[in-house]
Structure formats: C-alpha cells, structure tokens
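**Q** whatever this is, show me its structure:
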Amino acid sequence: MIGDWISFGYLFSAVLFIFGLKKLGHPRTAPQGNQLGAMGMLVAVLTTVAEMQLGDGIEGWILIGSGLLLGSLIGLYMAIRVEMTGMPEMVALFNGFGGAASALVALSESWKYIESDELLLPTGLELEVVVVAAGLSALVGWMTLTGSLLAMLKLKGGVEIFGKWIRTPTWGPAWLNPIKALLFLSVLVLIYVSINDPLNSDYLYAIIGISSLLGVLLVLPIGGADMPVVVSLLNSLSGIAAAFTGFIIGNSVLIVAGSLVGASGLILTFIMCKAMNRELKDVLFKSFGGSEKEQVTRTKVGSDADEVAMMVDGAQKIIIIPGYGMAVSQCQHQVKEFADLVSEKFDTEVKYAIHPVAGRMPGHMNVLLAEANVPYDQLIEMDEINPELPEADIALVIGANDTCNPAARTDQGPLAGMPIIDADLANTVVIIKRSLSVGYAGVDNDLFYMDKTMMLFGDGKKMMNELNSAIKEL
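**A** Next comes the predicted model:
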C-alpha cells in the first residue's frame with residue numbers, strides 16, 4: 001500500500017510537470033505553468049524523502065533540511081534581485097547548476113557502487129551499466145556546467161576582476177573543431193574502457209576533466225548572435241543529464257522530468273535555429289557575430305521627440321518593435337505608457353511585433369512586456385505581424401537591430417536568409433537607439449539611413465519619456 005502511494009506521488013508530480021510545460025507555451029498562461037512546475041518539484045521532493053525514510057531510514061536530517069532551506073533562500077534572493085536584463089544570464093547559470101547537480105548525484109552514486117565491490121546492485125542494475133550511465137551523465141552534466149558559465153559571461157559581456165573589466169573572448173579557429181571531436185571521442189573511449197574495469201574510478205575523473213574542457217571549447221567560438229540558441233541547447237542538456245542520473249538511482253520522476261526538459265529544450269533549440277535561418281551544426285561549429293564587425297562610415301541626422309510626436313498625431317496604426325535596447329534601458333513601462341497615450345488621445349491602433357530571437361534568450365521581449373502589463377493580444381509573432389507592416393503608419397523600433405535589418409534579405413553576410421520583421425515596409429520608421437553602431441552580427445543596418453527613418457538617439461527610457469511628454473503637450 002505504501003509503495004502504491006509513493007508511485008502515485010511520482011505520477012502526480014510528472015502530471016504537474018507536463019501540464020506546467022504545456023502552459024509555458026503562451027505568455028498568458030506562463031505564470032500558471034511556473035507554479036505547476038514548482039508544485040510538481042515540491043511533490044517530487046517530498047515523495048522522494050518519504051520513500052527514503054520508509055526504506056532504510058534517513059540519516060542527516062539536519063543536512064537535508066539545511067540544504068533545502070539554503071537553496072530556497074538563494075533562489076528567492078536571486079529571483080528578487082535579478083533585473084530583467086539579467087534574466088538570460090540567470091537562466092544560463094541555472095542550466096549549468098542543473099547539469100552539475102545531476103552529475104554530482106551520479107558521481108556520488110557511482111562512488112557508493114564502486115566501494116561496494118559488487119557487480120549486481122540493489123537497484124537491479126549491473127555495475128557496468130551504472131558506470132556507463134554515470135559516464136554519460138558526467139559528460140553531459142559537466143559540459144553543461146562549464147559551457148553555461150561561459151555562456152553567462154558572454155551574455156554579461158565579461159567579468160570584473162580586481163576592478164578591471166575583462167571582456168569575454170569569442171575565439172574559434174577552424175582547427176578547434178577537430179580538437180572538440182577528439183575530446184568527445186576520448187570520453188566515449190573512456191566510458192567503453194571503464195566497462196571492463198568498472199571499479200576503477202580514475203576513468204570517471206578523466207571523463208569529468210575532459211567534459212569540463214569540452215564545454216568551454218564548445219561555447220568559446222560562438223558569438224552573441226547565437227546565444228539564444230546556445231541557452232536553449234544547454235537547457236536541453238541539463239535535462240538529459242538529469243534523465244541519466246534518474247536511470248542510475250532508479251528514480252522514475254527524475255527520468256520523466258529530465259526527458260521533458262531535454263525534449264522541450266531541443267525542440268526550442270530547433271525553433272530558434274529556424275528563426276535565425278541557421279543550422280544547429282553551424283551554430284556549434286561556425287562563429288556568427290561577435291568577432292568581425294563592419295565599421296560604420298555613414299551618418300544620419302537625428303530627430304527630436306517633438307518631431308516624432310507630430311508624426312504620431314494622426315497615425316491610425318503603430319507597430320512597436322522591441323529589442324534588447326528596451327531591456328537594457330528598462331523602458332517597457334514607458335513603452336506601455338506610450339501605447340496607452342496614443343490609443344486614448346488619437347484612437348490609434350497599437351500592436352507589438354515580437355521576433356523569436358529578440359533579446360538574449362527565447363521569449364525575452366514577451367517577459368519584459370508582460371511585466372509592464374501589456375495585453376497579450378497585442379503581442380504578435382513575426383510571421384503574423386509582417387503582412388500588417390505595409391499598412392502601418394509608423395513602425396517604432398526600440399533598441400532592435402539585427403531582427404529588422406534588411407541585409408537579411410540578401411544572400412551574403414552573417415544575416416543572409418534570417419527571417420526579420422519588415423519594419424522598412426512601414427510608411428514611417430522611428431528608431432530609438434543610442435548610436436548607429438552595429439548589432440551582434442556585426443552588420444551595418446540600411447534601415448537607419450532610409451529617408452523615411454527618424455532616429456531618436458539616446459537612452460531608451462529617456463527618449464520614451466521625452467516622446468510621451470511631447471505627446472501629452474499636443
């Protein structure tokens with residue numbers, strides 16, 4: 001009877017994970033999805049603790065309770081303190097910690113099995129099988145940790161050491177790919193060798209070291225433009241590592257949760273690749289942006305908020321195109337105020353054009369605008385909003401660059417073929433940006449220099465405040 005309740009607890013937590021993942025597919029239901037996922041994890045933890053207590057009994061309740069309390073406090077602190085611009089870095093960091101946690105559990109379980117000197121274990125698995133699973137968990141888990149840490153630093157732009165800012169390098173010559181392949185094959189060879197000598201832990205330590213190095217080399221050549229894809233892929237790898245660990249310790253809910261994260265993360269990775277017209281192999285083995293950047297040689301006379309306000313007056317349809325610049329300046333609330341102003345004062349239709357890879361992680365713009373209470377029905381995906389842009393009187397671009405660069409329609413350069421938001425098809429284009437500098441891909445943007453483009457040079461929040469004030473005075 002007790003075993004049935006334990007199984008029911010795991011099943012219930014798995015159901016919560018599945019429904020939570022389903023609700024994460026839309027901004028409106030995403031908060032509920034997060035709550036369901038957190039509840040599912042709570043049920044899984046309580047069920048696992050109950051199973052351990054009913055089995056051999058638990059020693060070290062203080063350590064378990066302290067770990068749960070400390071982890072909860074750290075998570076709460078990070079959730080409260082992190083700014084929306086830091087969300088991509090935090091997601092990358094959590095991916096790494098997830099992979100490392102799974103790898104550490106697999107390592108500790110392997111130690112216990114190796115020290116038992118038995119070839120058939122209580123879980124019913126042969127020691128060789130456990131060693132192989134532990135090796136795969138170490139490969140994926142430690143590679144995810146080091147790769148995620150480097151991805152976090154790339155998203156942050158660098159690290160401050162002794163008061164000096166050191167930028168994160170993007171470096172990857174062609175000969176680095178064979179080295180990565182050699183390291184990967186070396187791990188597989190070590191796993192194979194460990195099958196014949198499963199009680200030798202040296203192989204596992206070597207796998208950990210090589211996997212950690214492989215994670216660094218995998219992310220090192222990848223430029224900032226591909227970071228949304230990398231974050232999504234690392235998220236998938238953290239789930240795969242958890243699934244391997246669940247197999248080792250015989251925990252069904254860990255297998256289910258890890259498989260869900262791994263599969264959904266992989267699907268999202270391919271969606272991101274499609275949104276950028278990139279192949280995953282090109283993302284992993286060819287650098288894209290962040291290394292060679294075009295030099296800006298052209299100039300553009302900037303406009304002021306009063307000029308733009310006069311253009312807004314009388315506009316029947318305005319499409320707002322947010323980018324990472326909106327996140328940096330934290331002006332999503334001013335953008336929402338602008339939309340409310342023009343809707344009430346001029347009876348103007350306002351919509352938001354959302355590019356799948358705008359910002360530095362999937363869904364970044366959706367999260368920012370949801371924080372400002374922008375109605376979900378105004379957030380329109382790229383494929384749906386593009387046919388409406390020729391009808392728009394104004395396309396207001398806030399900090400976006402590569403995602404609306406017409407150079408993507410050509411067959412040359414790093415942006416070639418990438419689907420973009422057709423901002424240049426609007427009757428008038430207003431761009432709020434600090435300067436004419438290039439984006440992640442390092443390609444100059446012809447949209448900035450068109451006759452119908454008005455540039456508001458400056459910080460996003462400052463310029464939006466000036467624009468809103470100018471509209472109020474009309």
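**Q** going by C-alpha atoms from here, please, whenever you check contacts or count neighbours.
**A** Will do.
**Q** give the contact list for residue 43.
**A** Residue 43 makes contacts with 9, 10, 12, 13, as judged by CA atoms under 8 Å, 6 or more residues apart in numbering.
**Q** what's the helix or strand for the closest residue to the last one other than its chain neighbours?
**A** Right, the one you point to is residue 13. Distance criterion CA to CA, 6 or more residues apart in numbering; nearest residue to residue 13, sequence neighbours excluded, is residue 40 at 4.3 Å. Secondary structure from DSSP states H and E places residue 40 in helix 30-54.
**Q** for the helix or strand following that helix, output the C-alpha coordinates as PDB.
**A** Beyond helix 30-54 on the C-terminal side, the first helix or strand identified by DSSP H and E is helix 61-81. Output of helix 61-81 as PDB, limited to C-alpha atoms (Å, rounded to 0.1, in the frame of the first residue of the first chain):
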ATOM      1  CA  TRP A  61      18.000  15.200   8.500                       C
ATOM      2  CA  ILE A  62      19.800  18.400   9.500                       C
ATOM      3  CA  LEU A  63      21.900  18.400   6.400                       C
ATOM      4  CA  ILE A  64      18.900  17.700   4.200                       C
ATOM      5  CA  GLY A  65      16.800  20.400   5.900                       C
ATOM      6  CA  SER A  66      19.700  22.900   5.700                       C
ATOM      7  CA  GLY A  67      20.200  22.200   2.100                       C
ATOM      8  CA  LEU A  68      16.600  22.800   1.200                       C
ATOM      9  CA  LEU A  69      16.400  25.900   3.300                       C
ATOM     10  CA  LEU A  70      19.700  27.400   1.900                       C
ATOM     11  CA  GLY A  71      18.800  26.600  -1.700                       C
ATOM     12  CA  SER A  72      15.300  28.100  -1.300                       C
ATOM     13  CA  LEU A  73      16.800  31.300   0.200                       C
ATOM     14  CA  ILE A  74      19.400  31.600  -2.600                       C
ATOM     15  CA  GLY A  75      16.700  31.100  -5.200                       C
ATOM     16  CA  LEU A  76      14.400  33.600  -3.600                       C
ATOM     17  CA  TYR A  77      17.200  36.200  -3.300                       C
ATOM     18  CA  MET A  78      18.200  35.800  -6.900                       C
ATOM     19  CA  ALA A  79      14.600  35.900  -8.200                       C
ATOM     20  CA  ILE A  80      14.000  39.200  -6.200                       C
ATOM     21  CA  ARG A  81      17.300  40.900  -7.000                       C
END
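**Q** show me the contact partners of helix 61-81.
**A** Contacts of helix 61-81 (CA under 8 Å, 6+ apart): none.
**Q** which is the next helix or strand following it?
**A** Reading on from helix 61-81 to the C-terminus, the next helix or strand found by DSSP H and E is helix 87-116.
**Q** how about the strands in the stretch 351-474 of the chain?
**A** For the stretch 351-474 of the chain, applying DSSP state E, counting those that start in this stretch gives strands covering 379-381, 394-398, 428-433, 453-457.
**Q** name every strand pairing with the first one and say which way it goes.
**A** Using DSSP bridges, the strands paired with strand 379-381 are strand 349-354 (parallel).
**Q** likewise the longest one?
**A** With DSSP bridges as the test, strand 428-433 is paired with strand 394-398 (parallel), strand 453-457 (parallel).
**Q** can you list the ones you listed in CSV and add distance to residue 18 and mean neighbour count?
**A** CSV is the format used below for these (distance: least, CA to CA, whole Å; neighbours: other CA atoms under 10 Å):
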stretch, distance to residue 18, mean neighbour count
strand 394-398, 36, 26
strand 453-457, 45, 22
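**Q** can I get those strands in JSON lines including mean pLDDT and distance to residue 28?
**A** Converted to JSON lines, these look like this (pLDDT from 0 to 100; distance: least, CA to CA, whole Å):
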{"stretch": "strand 394-398", "mean pLDDT": "95", "distance to residue 28": "23"}
{"stretch": "strand 453-457", "mean pLDDT": "93", "distance to residue 28": "32"}
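**Q** check which helix or strand covers residue 309.
**A** Per DSSP H and E: helix 305-312 holds residue 309.
**Q** CA atoms of that helix as PDB?
**A** Below are the C-alpha coordinates for helix 305-312, written out as PDB (Å, rounded to 0.1, in the frame of the first residue of the first chain):
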ATOM      1  CA  ALA A 305      10.800  64.000 -29.600                       C
ATOM      2  CA  ASP A 306       8.600  66.900 -30.800                       C
ATOM      3  CA  GLU A 307       9.100  65.900 -34.400                       C
ATOM      4  CA  VAL A 308       8.200  62.300 -33.800                       C
ATOM      5  CA  ALA A 309       5.100  63.400 -31.700                       C
ATOM      6  CA  MET A 310       3.800  65.400 -34.600                       C
ATOM      7  CA  MET A 311       4.200  62.300 -36.800                       C
ATOM      8  CA  VAL A 312       2.300  60.200 -34.200                       C
END
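**Q** quick one: contacts of the next helix or strand after it?
**A** Next helix or strand after helix 305-312 toward the C-terminus (DSSP H and E): strand 317-322. The contact list for strand 317-322, computed with CA under 8 Å, 6+ apart, reads 348-354, 358, 365, 389, 391-400, 423.
**Q** burial measure for the residue nearest to residue 13, as a count.
**A** By other CA atoms under 10 Å, 25 other residues sit near residue 40.
**Q** so what's it up against?
**A** Taking CA under 8 Å, 6+ apart as the test, what residue 40 contacts is 12, 13, 14, 15, 16, 17.
**Q** let's go with 7 Å and repeat that
**A** Residues near residue 40 by CA atoms under 7 Å, 6 or more residues apart in numbering: 13, 14, 16, 17.
**Q** which element is the third one on?
**A** With elements taken from DSSP H and E, the one containing residue 16 is helix 2-23.
**Q** identify all contacting residues around that helix.
**A** Here helix 2-23 makes contact (CA under 7 Å, 6+ apart) with 29-30, 32-34, 36-37, 40-41, 43-44, 47, 51, 253, 256-257.
**Q** check stretch 259-275 too.
**A** With CA under 7 Å, 6+ apart as the test, stretch 259-275 has contacts from 229, 232-233, 235-237, 239-240, 243, 279-280, 356-357, 418-419.
**Q** how close does the residue nearest to residue 13 sit to residue 46?
**A** Going from residue 40 to residue 46 by CA to CA, to the nearest Å gives 10 Å.
**Q** before we move on, what about residue 197?
**A** Using CA to CA, residue 197 is found at 37 Å from residue 46.
**Q** next one: residue 146
**A** 30 Å.
**Q** of these two, who's got more company?
**A** Of the pair residue 146 and residue 46, residue 146 is the one with more neighbours under other CA under 10 Å, namely 25 against 14.
**Q** nearest spatial neighbour of that one, chain-adjacent residues omitted?
**A** What sits nearest to residue 146 in space, not counting adjacent residues and going by CA to CA, 6+ apart, is residue 215, at 5.2 Å.
**Q** would you confirm that the one you found contacts residue 143?
**A** Yes. Using CA atoms under 7 Å, residue 215 makes contact with residue 143 at a distance of 4.1 Å.
**Q** who has more neighbours, the two?
**A** Higher neighbour count among residue 215 and residue 143: residue 143, with 31 against 25, using other CA under 10 Å.
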